[in-house]
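In: Any chance you can model this:
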Amino acid sequence: MTEANIKRGIRKERVGEVLSNKMTKTIVVRVERRFPHPQYKKVVTAYSKFYAHDEKSEAKVGDKVRIEETRPLSKTKRWRLVEVVDRNTDAAPVAA
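Out: Take a look at the predicted model:
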């Protein structure tokens with residue numbers, strides 16, 4: 001256990017893709033979850049959207065990020081950015 005975990009307790013972590021960073025200090029992260037269907041056993045992919053706090057505005061659209069559960073920061077924000085796992089290398093579309 002790291003020192004941060006001892007102080008904060010065990011918190012959920014998720015890895016997902018940034019869908020939006022248009023809000024100030026907030027990113028929208030889509031997390032993918034794959035599981036077998038209870039009855040039909042086919043592997044189903046489900047997605048969840050989380051609003052996460054990005055203090056330094058370092059995450060960009062398309063980046064793969066790790067987020068961590070935290071206290072409620074607003075009506076919808078309950079997660080915070082821990083790190084950017086993988087940067088999006090695609091060129092950003094030029095706004096017309």
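
In: Now do the contacts for the spatially most central residue of the chain.
Out: What sits nearest the mean C-alpha location of the chain, by CA atoms, centre = their mean, is Val29, with 3.9 Å. Contact partners of Val29, counting by CB atoms under 8 Å, 6 or more residues apart in numbering, are 14, 16-19, 49-52, 65, 67, 79. The way it works is simple: take the backbone N, C-alpha and C, and place the C-beta from them, glycine included.

In: Quick one: buried ones out of those?
Out: 14, 16-18, 50-52, 65, 67, 79 (16 or more other CB atoms under 10 Å).

In: Among the residues you listed, which ones are in strands?
Out: Members of the buried ones among the contacts of Val29 lying in strands (criterion: DSSP state E): 14, 16-18, 50-52, 65, 67, 79.

In: returning to what we had before: kindly reformat the buried ones among the contacts of Val29 as CSV containing distance to Arg33.
Out: Output for the buried ones among the contacts of Val29, formatted as CSV (distance: CB to CB, whole Å):
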residue, distance to Arg33
Arg14, 9
Gly16, 10
Glu17, 13
Val18, 17
Phe50, 12
Tyr51, 17
Ala52, 17
Val65, 16
Ile67, 14
Trp79, 15
